[in-house]
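>>> sequence-free structure coming up:
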């Protein structure tokens, strides 16, 4: 009989920052992995903004995209409000068929230059969630583009056409954090804000109902990740992140 080696302990995230920008593919992506952490940070007085690359318009089988887009944007704005985020931007790129490449990098570099964050947060962009559970193509495309766009944003000779009307390069992003990564080595205590994270996910009611998952419980689902992650951090509940330093030579 073989025994499974427990995952290694997580290191606490460096929270000595004031401004973060979250860039993810779809409405609900933040809520499935990081909303409770966002509630912690806004509760500390930090500024957090959301940027959704798509509006998730292909996410509900029984609702046409034009109608779905409106509903999902409304749900995301309310979901963000619950965790203290009042800036939610939608880039209106096509849901389900995002492509990693120069065009997406340029779009995201412009967002980074406007918001001028110290930390950029995105979702897991590894091929899987660990094991055999394959990641979704939009998540992979966006996460890869985020890392590159952060570096692009600091170089005035890349996407130089953006630098008009006072927009300047921004090289002040210290790290990119990818929540939900199977290679995460850092975590943050979400024990006190876990309920806000649950409420934030529950705000995506139309999307959750559209999935057709019988008897699915958002709280139970999120606890299934937060409790074992908390054990690795030495707290009751936590969220895990893979950290990508953005400094030269890191």
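Yep, it's here. These numbers were taken from a predicted model, which means no experiment stands behind them.
>>> name the helices or strands packed onto the worst-scoring helix or strand of the chain on mean pLDDT?
Counting by mean pLDDT, DSSP states H and E, the chain has its least confident helix or strand at helix 205-211, which shows a mean of 91. Counting contacts by 3 or more Cβ pairs under 8 Å, 6 or more residues apart in numbering; DSSP states H and E, helix 205-211 packs against helix 65-82. Quick note: C-beta positions are derived from backbone N, CA and C, even for glycine.
>>> what residues of the helix or strand encompassing residue 108 count as buried?
Residue 108 belongs to helix 102-115 when assigned by DSSP states H and E. Residues 104-115 are the ones in helix 102-115 that count as buried (16 or more other Cβ atoms under 10 Å).
>>> which one of those residues is nearest to residue 156?
Nearest to residue 156, judged by Cβ to Cβ, of these is residue 113 at 10.0 Å.
>>> how near is that closest one to residue 197?
Remark: distance between residue 113 and residue 197 (Cβ to Cβ, to the nearest Å) = 29 Å.
>>> if we can go back for a sec, and the helix holding residue 108, what does it pack onto?
Using 3+ Cβ pairs under 8 Å, 6+ apart, helix 102-115 sits against strand 19-24, strand 47-54, strand 88-93, helix 137-153.
>>> which residues touch the last one?
Counting by Cβ atoms under 8 Å, 6 or more residues apart in numbering, the neighbours of helix 137-153 from elsewhere in the structure are 23-26, 29, 53-54, 95-101, 104-109, 111-113, 120, 122-127, 158-159, 169-171, 173, 176, 178, 244, 246.
>>> report the distance from the helix or strand where residue 197 lies to the chain centre.
Under the criterion DSSP H and E, the helix or strand holding residue 197 is helix 194-202. Here the centre of mass of C-alpha atoms in helix 194-202, compared against the chain's by Cα atoms, centre = their mean, to the nearest Å, lies 15 Å away.
>>> report the buried residues of that helix.
So helix 194-202, judged by 16+ other Cβ under 10 Å, has buried residues 194, 196-202.
>>> check contacts around the closest residue to residue 150 other than its chain neighbours.
Nearest residue to residue 150 in three dimensions, chain neighbours excluded: residue 173, at 4.7 Å (Cβ to Cβ, 6 or more residues apart in numbering). Residues counted as contacts of residue 173 (Cβ under 8 Å, 6+ apart) are 112, 117-120, 150, 153-154, 246.
>>> any chance of TSV for those residues, columns pLDDT and distance to residue 77?
Shown next, in TSV, are the contacts of residue 173 (pLDDT from 0 to 100; distance: Cβ to Cβ, whole Å):
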residue	pLDDT	distance to residue 77
112	98	21
117	98	20
118	98	24
119	98	22
120	98	21
150	98	25
153	98	25
154	97	30
246	94	29
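>>> no further queries at this time; thank you.
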